[in-house]
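Asks: with the input below, show me the fold.
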Amino acid sequence: MMALESRKDLDKAFWRLSKYIESNIIHYVENCISCGICYEICPAFHIDKRYAPAPIGEWFRRFYRRYMNPIARALGKLAHAYPLTRENLLKAREYAYRCTNCAACYMVCAAGIDSGTLALMCKALIDSAGLTPQAVKVLEELEATRKYITPKVEELYAKFQEELKKYVPEVSVGERDRTAYIPVSIVDLVFGKDALISTIRVLEKIGITWTLPREPVGIRPPMGYVTGNFAEFASLVRRIYLEAKELNAKMILVVDCGYTYPALRFEGPYIAEIEQPCKIMSVVELFEDYAERGLLPVREGHDAAIWHDPCMLMRRGGVEMPHALLERIATPLKPKWKGRYVRCCGGGSHMFFLHEEVAKALSEVLEIDLVRMLDSFSREIAEFSLKMAEHRVEELLTKMPRVIVTACHSCVFMLRKALEKVSTVRIDVKHVSELVAKQLM
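Replies: Numbers count the residues shown, from 1 in each chain. Sure thing, here's the model as predicted:
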């Protein structure tokens, strides 16, 4: 996307974005009283007290007042109304890109203000000015144009299917009338291959038919959820919905329960203006349902395990810790902070992609040098997010677990990276599917 330099072009960018400014966004803009209740739960605030939810959300409010409030527009900065200029958007980026969109602020706000959503709206304006970190923007563009399907990606997908044959009698790709359609992404293949294989092993065991897409559906779809590019967001949601509909699947089963899950289940139909083709579930919901009904054939596990709620699964998805499942496959420990009050691991939204290890791994399969694109701002944000992960890990370690269990590839990455820095004790971090597959009878 070409950067918009002139004020006139940036003004037009706001009016294009205004299509998505509905009553909930107006509520978030108008009704924050800066009481500070959200500060203590915000992971960014504990790293640097400048970046609390209210100040993060305030940047979008400043732009909103300039364009949507005629009195504030006339008064300008006296009414905290700011025009869209490159200088102002660079300042806004310092705040918006410290937000993981974890929704913790939303959970505690007495007025129900979601500052993470305001940060995303602000990122949409930042994107219009060409100020999205280059590595993230390139990933979004590759996903939108399907140029992520490189020879190495094709080879990786083929190798994954070959490895899968060790565990299942038949690898189903693009098959119609299966129960579960699994929207495999590049991030699934690079960072969550074991979780994917484990999920399919469990599906085979409990008798649920499944199929994979003909090609990976995206890098980590929809990347527009990360950059604020709602057109790309809508395009990727439609792509996944239409393939699931074409294959007549009864369920879209999400293994990587990061932002892909709420994007497909809750926000997709509105953003993409399309009806959901079938039920959308996370592996956590499915396995917990089978565990509760006594239909999951697993041995009892005794490893001391502690659950880390992915923010997008719990707070934005409403999926709670799988109590029945964990009691079957491990000895569950109780974290101090859990559920809607869980501390974010720092891997949400764009944060994951700005880590050098992630950029390097994706560069190898996408045949593009993402590491070179990590400028000083990107590296600063990555370091900021790692500090969030260290806080979360230190909290979990007080319960002395042998394994940390979660359901999100970026959570697994961040927790493992933080453990390397803060712990000398060997502690595993596992996707829940891996733990279930390990205990299969």
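
Asks: now the helices for the stretch 151-300 of the chain?
Replies: 151-164, 186-191, 193-206, 224-227, 230-246, 260-262, 268-272, 283-292 (DSSP state H, counting those that start in this stretch).

Asks: how about stretch 210-230: buried residues?
Replies: Buried residues in stretch 210-230, counting neighbours by 16 or more other Cβ atoms under 10 Å, are found at 210-213, 215-230. In short, each C-beta sits where N, CA and C put it, glycine included.

Asks: the helices of the stretch 151-300 of the chain into JSON lines, with extra columns for distance to Ala104 and mean pLDDT?
Replies: Listed next are the helices of the stretch 151-300 of the chain as JSON lines, based on distance: least, Cβ to Cβ, whole Å; pLDDT from 0 to 100:
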{"stretch": "helix 151-164", "distance to Ala104": "35", "mean pLDDT": "98"}
{"stretch": "helix 186-191", "distance to Ala104": "23", "mean pLDDT": "98"}
{"stretch": "helix 193-206", "distance to Ala104": "25", "mean pLDDT": "98"}
{"stretch": "helix 224-227", "distance to Ala104": "18", "mean pLDDT": "96"}
{"stretch": "helix 230-246", "distance to Ala104": "23", "mean pLDDT": "97"}
{"stretch": "helix 260-262", "distance to Ala104": "15", "mean pLDDT": "97"}
{"stretch": "helix 268-272", "distance to Ala104": "23", "mean pLDDT": "93"}
{"stretch": "helix 283-292", "distance to Ala104": "19", "mean pLDDT": "98"}
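
Asks: looking at those helices, spot the one closest to Asp369.
Replies: With Cβ to Cβ as the criterion, Asp369 lies closest to helix 151-164 of these, at 13.7 Å.

Asks: same list (the helices of the stretch 151-300 of the chain) but as TSV, adding distance to Ile71.
Replies: Shown next, in TSV, are the helices of the stretch 151-300 of the chain (distance: least, Cβ to Cβ, whole Å):
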stretch	distance to Ile71
helix 151-164	53
helix 186-191	46
helix 193-206	53
helix 224-227	32
helix 230-246	29
helix 260-262	36
helix 268-272	31
helix 283-292	47
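
Asks: out of the ones you listed, flag the one nearest Arg50.
Replies: Nearest to Arg50 among those is helix 224-227; the distance by Cβ to Cβ comes to 22.5 Å.

Asks: touching that closest one from outside, list them.
Replies: The contact list for helix 224-227 (Cβ atoms under 8 Å, 6 or more residues apart in numbering) reads 120, 123-124, 127, 132, 136-137, 140, 144, 230-236, 259, 263, 267, 349-350, 353.

Asks: coming back round to it: so of the buried residues of stretch 210-230, which ones are in strands?
Replies: By the criterion of DSSP state E, membership of the buried residues of stretch 210-230 in strands covers 210-211.

Asks: one step back: among the helices of the stretch 151-300 of the chain, which is nearest Ala407?
Replies: In terms of Cβ to Cβ, the element of the helices of the stretch 151-300 of the chain nearest to Ala407 is helix 283-292, at 5.0 Å.

Asks: top helix in the protein by residue count?
Replies: Taking DSSP state H as the criterion, the chain has its longest helix at helix 376-397.

Asks: what's it in contact with?
Replies: With contact meaning Cβ under 8 Å, 6+ apart, helix 376-397 is reached by 43-44, 46-48, 93, 97-98, 100, 133-135, 306, 308, 335-337, 343-347, 350-352, 354-356, 374, 404, 414-415, 417-419, 421-423, 425, 427.

Asks: among those residues, which ones are buried?
Replies: Burial by neighbour count, 16+ other Cβ under 10 Å: within these this picks out 43-44, 46-47, 93, 97-98, 100, 133-135, 306, 308, 335, 343-347, 350-352, 354-355, 374, 404, 414-415, 417-419, 427.

Asks: can you give me the strands for the protein?
Replies: 180-181, 210-211, 251-254, 279-282, 304-307, 331-333, 403-406, 428-431.

Asks: now do the buried residues in the last one.
Replies: Think strand 428-431. 429-431.

Asks: let's have those in TSV, adding distance to Gly294 and pLDDT.
Replies: As requested, the buried residues of strand 428-431 are exported to TSV (distance: Cβ to Cβ, whole Å; pLDDT from 0 to 100):
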residue	distance to Gly294	pLDDT
Val429	28	97
Lys430	23	97
His431	23	98
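
Asks: kindly reformat those residues as TSV containing distance to Val190.
Replies: Shown next, in TSV, are the buried residues of strand 428-431 (distance: Cβ to Cβ, whole Å):
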residue	distance to Val190
Val429	16
Lys430	17
His431	14
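
Asks: now, which of those sits nearest Ile206?
Replies: Set against Ile206, the nearest of the buried residues of strand 428-431 by Cβ to Cβ is His431 (17.5 Å).

Asks: not counting its neighbours along the chain, what's nearest the closest one?
Replies: Spatial nearest neighbour of His431, chain neighbours left out: Ala195 (3.6 Å); criterion: Cβ to Cβ, 6 or more residues apart in numbering.

Asks: tally of neighbours for the one you found?
Replies: Residues within reach of Ala195, counting by other Cβ atoms under 10 Å, total 24.

Asks: mind checking how far the residue nearest the centre of the chain is from Asp177?
Replies: The residue lying closest to the centre of the chain (Cα atoms, centre = their mean) is Tyr259, at 2.9 Å. Computed as Cβ to Cβ, to the nearest Å, the Tyr259 to Asp177 distance reads 29 Å.

Asks: quick revisit: could you dump the strands of the chain into a markdown table with distance to Lys387 added?
Replies: Formatted as a markdown table, the strands of the chain follow (distance: least, Cβ to Cβ, whole Å):
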| stretch | distance to Lys387 |
| --- | --- |
| strand 180-181 | 38 |
| strand 210-211 | 39 |
| strand 251-254 | 28 |
| strand 279-282 | 28 |
| strand 304-307 | 21 |
| strand 331-333 | 24 |
| strand 403-406 | 18 |
| strand 428-431 | 18 |
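
Asks: please identify the most buried of those.
Replies: Ranked by mean neighbour count, these are led by strand 180-181 with a mean of 26 (mean count of other Cβ atoms under 10 Å).
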